[in-house]
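Chemist: sequence first, predicted model second:
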Amino acid sequence: MDKKKLQIALYWGAACGGCDVAVLDTNEFILDVAAACDIRMWPIAADGKYKDIEAMADGELDLAIFNGAIRTSENEHIAKLLRKKSKTMVAFGSCAHLGGIPAMANQFNKEEIFEKAYLKNPSIQEGNAAVPTPHTRVEAGELEIPVFYKRVYKLDDIVDVDYYLPGCPPAPEQVKAVLKLIVSGGPLPAKGSVVGASDRALCDDCQRKKEEKMVKQFHRPWQILQDPERCLMEQGILCAGSATRSGCGVRCPNSNMPCRGCYGPLPGVVDQGAKILSAVSSIIDSKDPAEIEKILEGIQDITGYAYRFGMAASLLQRSVR
Ligand code: SF4
Ligand code: SF4
């Protein structure tokens, strides 16, 4: 281990792996990172055991990059351990930042989730269903697995976070810019900053023509032949661009898909889902309650749409007890 190199760790909590792929998507730049840093732990790409982290002095790591939400006791333990051992901690990606897709499970209680995943899952062989329990006694001794919590938390519900790098996953060019800044030792932004993103709304950067947003019908993207030049919202395709922080390069609308809001709320917005719902209600072209009801029927899973990434960070946090 070279003492002059930056000591860093990358870790995933409740995550899909996409954030780690976003780091690898910086392509050959990752070699510059490897040259400037000792990667002491990165479960998806390099070795590094929990006991090695536990053996470190407090603050020995310069940087911990944590992606994924907190769903289990293991996620919480490692988040706290890395926080203790690191000078700087970054919440990387939507799940660490806002709870992300895993936090959509906060619409259900633990029993419902277990029933769906372990008891009624069509892939389970008949008579072979089992619900995981934290402690199981077997002939060889006791087996222990992490405790599955009642709800999903974002990283800063559990530990102090220095910076947030949003996105599902963060755009590789933004990852690169942030890593470059850290590796170069350049002046860092104020603690608590959202980095790798702008303070503008995605709509401000979107090049699609904006005329009048009044709709009589909502559609899913595959249900209509869209005009590739015109704002998706104006065509009745729900797009979260007005309630989402820009910085991704307008990835989805530029690919003819609506924004789902993964870069999170704009500065000063407390609840991104409420902001998204307010944008939806403002474009409904009717004052007749029955007709409004009919128009809204065109929206499948409104909660999933508005709170796709931000449930754990919302005022709701979870919709079941
Ligand atoms: S709502 Fe979507 S498509 Fe319309 S301007 Fe905003 S980001 Fe672009
Ligand atoms: S367009 Fe929206 S959903 Fe797509 S990457 Fe950008 S912020 Fe995320």
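Modeler: Structure received. Ligands and ions are numbered 1, 2, ... in the order given.

Chemist: quick check: residue 256 touching residue 222?
Modeler: No - using CB atoms under 8 Å, residue 256 is not in contact with residue 222, being 10.5 Å away. No exception for glycine: its C-beta is placed from N, CA and C like everyone else's.

Chemist: beta-bridge partners for residue 138, please?
Modeler: residue 141 (DSSP bridges).

Chemist: neighbours around it, how many?
Modeler: For residue 138, the count of nearby residues is 7 (other CB atoms under 10 Å).

Chemist: okay, the residue in the stretch 51-200 of the chain that ligand 1 sits nearest to and residue 248: tell me how far apart.
Modeler: Relative to ligand 1, the nearest point of the stretch 51-200 of the chain is residue 200 (11.1 Å; CB to the nearest ligand atom). Relative to residue 248, residue 200 is positioned 12 Å away (CB to CB, to the nearest Å).

Chemist: about what we covered before: what sits against the nearest residue to the residue of the stretch 51-200 of the chain closest to ligand 1 once chain neighbours are set aside?
Modeler: Nearest non-adjacent residue to residue 200, counting by CB to CB, 6 or more residues apart in numbering: residue 246, 4.8 Å away. Neighbouring residues of residue 246 by CB atoms under 8 Å, 6 or more residues apart in numbering: 197-198, 200-202, 204-205, 263.

Chemist: need the contact list for the spatially closest residue to residue 9 that is not a sequence neighbour.
Modeler: Counting by CB to CB, 6+ apart, residue 9 lies nearest to residue 41, which is 4.1 Å off, once chain neighbours are set aside. Taking CB under 8 Å, 6+ apart, we find residue 41 in contact with 9-11, 48-49, 52-53.

Chemist: now swap in residue 110 and tell me
Modeler: Going by CB under 8 Å, 6+ apart, residue 110 touches 148-150.

Chemist: can you check residue 48 too?
Modeler: By CB under 8 Å, 6+ apart, the neighbours of residue 48 are 9, 39-42.

Chemist: again with residue 204
Modeler: Taking CB under 8 Å, 6+ apart, we find residue 204 in contact with residue 246.

Chemist: find the closest residue to ligand 1 in the stretch 151-300 of the chain.
Modeler: residue 241 (2.4 Å).

Chemist: could I get the pLDDT score of that residue?
Modeler: pLDDT, residue 241: 97.

Chemist: cool, and the one 5 residues further on?
Modeler: Here, the pLDDT recorded for residue 246 equals 97.

Chemist: which one of residue 200 and residue 248 is surrounded by more residues?
Modeler: residue 248 (25 against 13).

Chemist: next up, phi/psi of that one, please.
Modeler: Backbone torsions of residue 248, given as degrees, to the nearest 10, read phi -90, psi -10.

Chemist: same question, residue 194
Modeler: According to degrees, to the nearest 10, residue 194 has phi -90, psi 120.

Chemist: again, but for residue 288
Modeler: Torsion angles, degrees, to the nearest 10, at residue 288: phi -90, psi 120.

Chemist: next: residue 284.
Modeler: phi -70, psi 120.

Chemist: that one: neighbour count?
Modeler: Counted with other CB under 10 Å, residue 284 comes out at 16.

Chemist: kindly report the same for residue 271.
Modeler: 18.

Chemist: ok, what's across the strand from residue 67?
Modeler: Beta-bridge partners of residue 67, as defined by DSSP bridges: residue 12, residue 92.

Chemist: my guess is it meets residue 16, correct?
Modeler: No - look at residue 67 against residue 16 with CB under 8 Å: they stay out of range, at 9.3 Å.

Chemist: the two: which is more packed in?
Modeler: Neighbours per residue (other CB under 10 Å) separate residue 67 from residue 16, with residue 67 holding more: 31 against 17.

Chemist: from residue 230, how far out is the nearest residue to residue 130 once chain neighbours are set aside?
Modeler: Nearest residue to residue 130, sequence neighbours excluded (CB to CB, 6+ apart): residue 118, at 6.6 Å. Distance of residue 118 to residue 230, computed by CB to CB: 46 Å.

Chemist: same check, this time on residue 180
Modeler: Distance from residue 180 to residue 230, by CB to CB: 37 Å.

Chemist: what of residue 31?
Modeler: Residue 31 is 42 Å from residue 230, by CB to CB.

Chemist: for residue 159, same thing?
Modeler: Counting by CB to CB, the gap from residue 159 to residue 230 is 44 Å.
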